[in-house]
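Novice: Mind folding the following:
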Amino acid sequence: MGVVFLGMAGGLAWSQTKITGTSNVVATINGEKISTQDLQSKFKELQLNKTVGQPKADLESKLLQDLINGKLVEQKAQKMNLKSDKEFQTRLQDHLSSFALRKMYQDLVTDIAAVREEEIGIYYEENKEKMFKQAEEIKASHILIKVDEDSTIKDPKKRVKKADKEAQKRVKELQKRIKQGEDFAELAKKFSKDNATRENGGDLGYFPKGSKVKEFGKEFEEVAWNLEKGEISQPVKTAFGYHIILLVDKRPEGYQPLDEKLSEAIQNRLKREKEQKRSSAFIDSLQNAAAYLFNEKVLNQPETLVTGNPWVLIVNKKDSIKFQDFKKELPGYMFQRKLAVANLEDKKEFLKVWSRNLVLKQAAQKLGYFRGQETKEEGVNYTLNEAKRRVMERKGDANYQPTEAEMRKYYDTHPEKYAEANPLHIQHIIFPDSLKAIEVRKKILSGADFKEMALQYYPGDKEIREVAYDLGYISGGEFSPEFFKAAWRLKLGEVSPPVKTGWGYHLIKLIDKREKLSFEQASPEIRKALIDQKNDQVQKQWERNLRKGANIWINQKLLKTLALEPKAQTAEEKNKAGSGE
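Specialist: Now for the predicted structure:
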C-alpha cells in the first residue's frame with residue numbers, strides 16, 4: 001500500500017492508493033532510496049510544524065528536495081574522517097565518559113530507587129499538618145474598567161475628572177446589565193480591561209486571605225472577602241480603575257486531597273530522596289574501597305616552590321591528578337569551607353572529593369559500561385552528528401553583518417517597503433444629513449470635546465459608540481477615496497467639514513500621521529532582509545556544491561502519479577533520470 005499527494009485548497013491531504021510496478025521508490029541518491037513512506041513521514045513532520053499551508057513550490061522543497069539534501073549530507077558525513085581531529089576526539093571521550101556514567105547511574109541508582117504506593121500514603125499522613133494544610137480560600141471573578149484619560153485635554157484636573165466620570169458611567173451601565181440578568185463572565189469577556197483574566201470571564205481562581213493585597217490593593221481584598229457566595233459587589237476603586245467583583249465560592253480551611261497530581265508530586269519527591277541516599281551510599285562504598293596515594297612531599301610544599309607539574313594523587317594505581325589542576329581548583333574549595341589556609345589534611349580531603357569522578361569512571365570501566373553496545377552506538381551517532389553539523393554549517397554565513405552603506409542602499413532602492421501601510425490615525429462621527437454634521441462641527445470648533453460629541457451622536461448602541469468612532473490607524477484601501485483624501489489633507493487635531501460617503505456624512509479628526517518609516521526605524525528589518533538575502537545566496541551555493549557529482553535519479557512517472565511536480569533538475573540530473581520506469 002503506497003501513499004499519494006492530492007492538491008487541496010488550503011493545503012495538501014494524504015490519500016491511500018495501490019502503487020503498481022516494481023516499487024514505491026520516488027528517487028535514489030547515489031543508489032540510496034527515498035520511498036513514498038519517507039515522503040509521508042516528511043509530510044507528517046510538516047503538519048506538526050504547521051507549515052502545510054505554504055505555497056506548493058515550498059512544500060515540494062520541504063518534502064522531496066529536503067529528503068534528497070538530507071541523504072547527501074549523511075553520505076558526506078559518513079565519509080568524513082574525524083579520527084585525526086584531536087579537539088573533537090577529546091570532546092568525544094568526554095561525552096562517552098558522561099554517557100557511560102549516566103547509564104551506570106540509571107542502572108544502579110535510579111532504577112533501584114522505586115517508590116511503593118503505601119510509601120506515598122505514609123508520607124502524606126506524616127506530613128499532613130506541616131505540608132498539606134490549606135488555609136480558607138475564596139474564588140472570585142471581576143470586571144475591571146480603567147480610567148482612561150484623554151491626552152488632548154491639557155488641564156490635568158479636568159482630564160482626570162472627565163476620565164473618572166466616564167469610567168463611572170461605564171460601570172453603572174454594566175451594573176444595570178448584570179441586574180437585568182446578563183451573564184457576568186460574558187460581560188467580563190467583552191468589557192473587562194484586565195488582560196490576564198478577560199478571556200476566562202474575569203476568573204481570579206481560588207486565593208487565600210491577603211494574597212490579592214499586593215496585586216489589587218487592600219480595598220479590593222476587603223470587599224471580596226466580605227461578600228457572600230454568589231453576591232456581586234458595588235464598584236471598588238483601586239489604582240487600576242473600577243472593579244465589579246463576583247464571589248463564586250468559599251472553601252473552608254482543610255487539607256489538600258491526596259489526588260493523582262499530589263500523589264505524583266510525593267512520588268517524585270520520595271524518589272529523589274531515595275536516589276540521593278542510594279547515590280551517596282554507592283559513591284561512599286567506592287571511595288571506601290579505593291586506594292589513594294597522596295604525594296605528601298608536593299602537598300606540604302608552598303605552591304611557589306613547586307616546579308613543573310608533578311602528580312598529587314593517584315587513585316587505585318591508575319588515574320592521577322596533576323599539581324597545576326589541583327592548584328587551580330583548590331581556592332574554590334577553600335572559599336566554600338571558609339578556610340584561610342589549607343593544611344595537609346584539608347588538601348587530602350579536597351582531593352578525595354574532587355577525585356569522585358575518577359572513582360566513578362573506574363567503576364564504570366570495571367563494570368563494562370565503556371565497552372557496552374549502547375556506548376559504542378552513542379559514539380558512532382555522536383561522531384556522525386558532528387560530521388553532519390560540519391557539512392551543514394557551510395549552509396549559511398553566521399558571521400555576515402551588513403554595513404551601514406549596504407543598509408542605506410537597500411533603504412533607498414526599496415522605497416515601497418517602508419511607506420507606512422496604515423499612515424493615518426482617525427476618529428470620526430457619522431450623520432444621516434449634512435446639516436446636523438455642520439451643527440456639531442460648530443460645537444467642536446467652539447470647544448466641545450470630539451469624543452463627547454461622538455458618544456452623543458454616533459449611531460448605534462452605547463457600547464458600539466464607545467469604540468466605533470476611533471478607527472485607529474487606517475490605510476487608503478480600507479475606506480472610500482473621498483474619505484481618505486479628506487483625512488490626508490487635515491492637519492493634526494483638525495476636524496474636517498462634512499465628507500459624504502455611501503455611509504452618510506462624516507466629521508473626520510486627524511489624531512496622528514505616519515507617512516514613512518525613517519532609516520533608523522527600518523534598520524532592524526533591513527538588517528534581517530540583507531542577512532536573509534546573503535544566507536539564501538550561500539545556501540544555494542552550498543546546495544550546488546552538495547549535489548555536484550552526485551548520482552540523483554528521480555522517478556518522474558511515479559511523481560506524476562503522486563501529483564507532486566518535481567523541482568527543476570540540473571542538466572546533469574536530467575541525464576541521469578532515465579525514463580523513470
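
Novice: can you pull out the helices in the stretch 101-250 of the chain?
Specialist: Secondary structure of the stretch 101-250 of the chain (DSSP state H, counting those that start in this stretch): helices at 117-126, 128-131, 156-179, 184-191, 213-216, 218-225.

Novice: ok, now the stretch 451-581 of the chain?
Specialist: Secondary structure of the stretch 451-581 of the chain (DSSP H, counting those that start in this stretch): helices located at 462-468, 481-489, 519-547, 556-561, 571-577.

Novice: ok so, going back, I'd like to know which of the helices of the stretch 101-250 of the chain lies nearest to Pro302.
Specialist: Across the helices of the stretch 101-250 of the chain, Pro302 has its closest neighbour in helix 128-131 (52.0 Å, CB to CB). Placement of C-beta: from N, CA and C, glycine included.

Novice: now the closest one, how far from the centre of its chain.
Specialist: 37 Å (CA atoms, centre = their mean, to the nearest Å).

Novice: same thing with stretch 449-464?
Specialist: Distance, centroid of stretch 449-464 to centroid of chain: 41 Å (CA atoms, centre = their mean).

Novice: Kindly export that stretch (C-alpha atoms) in PDB.
Specialist: Extracted in PDB, the C-alpha atoms of stretch 449-464 (Å, rounded to 0.1, in the frame of the first residue of the first chain):
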ATOM      1  CA  ASP A 449     -14.900  67.700  23.000                       C
ATOM      2  CA  PHE A 450     -14.800  65.500  19.900                       C
ATOM      3  CA  LYS A 451     -15.100  62.300  21.900                       C
ATOM      4  CA  GLU A 452     -18.100  63.600  23.800                       C
ATOM      5  CA  MET A 453     -19.800  64.500  20.600                       C
ATOM      6  CA  ALA A 454     -19.000  61.100  19.100                       C
ATOM      7  CA  LEU A 455     -20.500  59.300  22.100                       C
ATOM      8  CA  GLN A 456     -23.600  61.500  21.800                       C
ATOM      9  CA  TYR A 457     -24.200  61.500  18.100                       C
ATOM     10  CA  TYR A 458     -22.500  58.400  16.700                       C
ATOM     11  CA  PRO A 459     -25.300  55.900  15.500                       C
ATOM     12  CA  GLY A 460     -25.800  52.600  17.300                       C
ATOM     13  CA  ASP A 461     -25.900  51.300  20.900                       C
ATOM     14  CA  LYS A 462     -23.700  52.900  23.600                       C
ATOM     15  CA  GLU A 463     -21.100  50.200  23.600                       C
ATOM     16  CA  ILE A 464     -20.800  50.500  19.800                       C
END
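
Novice: quick one: buried residues of that stretch?
Specialist: For stretch 449-464, the neighbour count (16 or more other CB atoms under 10 Å) marks Phe450, Lys451, Met453, Ala454, Leu455, Tyr457, Tyr458 as buried.

Novice: any idea of the mean pLDDT for it?
Specialist: What stretch 449-464 shows for mean pLDDT is 89.

Novice: can you list contacts of it?
Specialist: Contact partners of stretch 449-464, identified using CB atoms under 8 Å, 6 or more residues apart in numbering, comprise 150, 152-153, 162, 173, 190-191, 427-432, 436, 440, 443-444, 465-466, 468-469, 495, 507, 509.

Novice: Just the buried residues of those.
Specialist: By 16+ other CB under 10 Å, those give 153, 162, 191, 427-431, 436, 440, 444, 465-466, 468-469, 495, 507, 509 as buried.

Novice: Domain parsing of this structure, as residue ranges.
Specialist: Using automatic domain parsing, the domains assigned to the chain come out as 2-79+551-577, 134-255, 420-513.

Novice: so Leu510 touches Leu492, yeah?
Specialist: Yes - taking contacts as CB atoms under 8 Å, Leu510 lies within contact range of Leu492: 5.8 Å.

Novice: Of the two, which one has the most company?
Specialist: A direct count of neighbours by other CB atoms under 10 Å for Leu510 and Leu492 places Leu510 higher, at 20 against 10.

Novice: Next, the contact list for the nearest residue to that one once chain neighbours are set aside, please.
Specialist: Distance criterion CB to CB, 6 or more residues apart in numbering; nearest residue to Leu510, sequence neighbours excluded, is Leu490 at 3.9 Å. By CB under 8 Å, 6+ apart, the contact list for Leu490 reads Ser496, Ile508, Lys509, Leu510.

Novice: The helices of the stretch 101-250 of the chain: lowest mean pLDDT?
Specialist: Among the helices of the stretch 101-250 of the chain, helix 213-216 scores lowest, at a mean of 84.

Novice: can you pull the buried residues of that helix?
Specialist: Going by neighbour count (16+ other CB under 10 Å), the buried part of helix 213-216 is Phe216.

Novice: Pull the distance from it to the chain's centre.
Specialist: Mean-position distance between helix 213-216 and its chain equals 29 Å (CA atoms, centre = their mean).

Novice: Please save the CA atoms from that helix in PDB.
Specialist: Extracted as PDB, the C-alpha positions of helix 213-216 are listed here (Å, rounded to 0.1, in the frame of the first residue of the first chain):
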ATOM      1  CA  VAL A 213      -3.400  43.000  48.500                       C
ATOM      2  CA  LYS A 214      -0.200  43.300  46.600                       C
ATOM      3  CA  GLU A 215      -1.900  42.800  43.200                       C
ATOM      4  CA  PHE A 216      -5.100  44.900  43.600                       C
END
